[in-house]
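Undergrad: Model the following, please.
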Amino acid sequence: MASTCKGTKPKVGGVRFKPECHEGTTNHVHFEEKLHDSVVMVIQEEDGSFLVKVGFLKISHKYEITFLLPTSQNLGQGSCCTPLPSLYLKVVEITPVPEGHQMKCEYMAHKEGVIREEMLVASELKDSAAVKVTLQARVLDRLHGTPMLLEGVKCIGSEPEYDSEQSDWQGFD
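TA: Okay, the predicted model is just below:
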C-alpha cells in the first residue's frame with residue numbers, strides 16, 4: 001500500500017551559531033552595577049521619613065535586621081523607638097554613631113507577599129521630634145526556596161513547619 005503524503009521529504013536542518021560563539025566557551029549575563037549591591041538600602045523620602053528595604057525573607061522565620069539610619073535634623077544623639085503597634089517587629093537597639101543611628105531590629109515574617117512595617121523613632125531631647133521608619137520586605141512562602149539574605153539581615157530562628165497531613169485527627173462525624 002503506497003501512500004502519497006504531502007511533505008514526505010526528509011527534513012534536514014541544523015543549528016547555526018554566530019561566528020564569535022565557539023564550542024567550550026560559556027555565555028555570561030551581565031547586570032548593572034547597582035544590582036550587585038547586596039546591603040540593606042535606606043532611602044529618605046520627600047517627607048523626611050525613611051524607607052528601609054531588606055530584600056527577600058522566608059515565611060515563619062525570625063530575622064535580625066541591622067541598618068544605619070542617616071543623620072536627621074529631627075533626631076539628636078539620644079533617640080528611642082516609640083511603642084510599636086506590631087507584634088512582629090521589635091526594636092532591639094538604637095546606637096548613635098557619627099553617621100547617624102545604628103538600628104537593630106527583630107522581625108518575624110508572618111505572612112507572604114510584600115510587607116511594610118512602620119516604626120517611629122523619637123528624640124529623647126526634643127519633645128515633638130520624631131522620624132517615621134518603614135521596613136519593607138518581600139516574604140516568600142515555604143515552597144519557594146531559601147532567599148539570599150542581604151548584608152545586615154541574619155536569620156535567627158524559625159517556627160517548625162506544620163503539615164496538616166501529619167495530623168491523626170479524623171474530623172467531625
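Undergrad: Going along the chain, name the helices of this structure.
TA: For the chain, no helices are identified by DSSP state H.
Undergrad: just for it, where's the confidence low?
TA: Along the chain, the parts satisfying pLDDT under 70 run over 1-37, 73-77, 127-128, 162-168, 173.
Undergrad: hmm, 50 instead?
TA: 21, 31, 34-36 (pLDDT under 50).
Undergrad: who touches L57 in this structure?
TA: Y63, Y107, A109, A137, R138, V139, L140, P147, L149, V153 (Cβ atoms under 8 Å, 6 or more residues apart in numbering). C-beta: built from backbone N, CA, C; applies to glycine.
Undergrad: If you could redo that for E112, that was the one I meant.
TA: Here E112 is in contact with I59, V139, L140, D141 (criterion: Cβ under 8 Å, 6+ apart).
Undergrad: Same check on T82?
TA: M119, L120, V121, A122, A130.
Undergrad: Whichever of these end up buried, select them in ChimeraX.
TA: To isolate the buried members of the contacts of T82 in ChimeraX, using 16 or more other Cβ atoms under 10 Å:
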select :119,121,122,130
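Undergrad: with the contacts of T82 in mind, which one is nearest to W169?
TA: M119 (39.8 Å; Cβ to Cβ).
Undergrad: distance of that closest one from L140?
TA: Per Cβ to Cβ, to the nearest Å, M119 is found 23 Å from L140.
Undergrad: can you give me the strands for the chain?
TA: Listed in chain order, the strands of the chain (DSSP state E) span 41-44, 50-58, 61-70, 79-81, 89-97, 100-108, 113-123, 130-140, 153-158.
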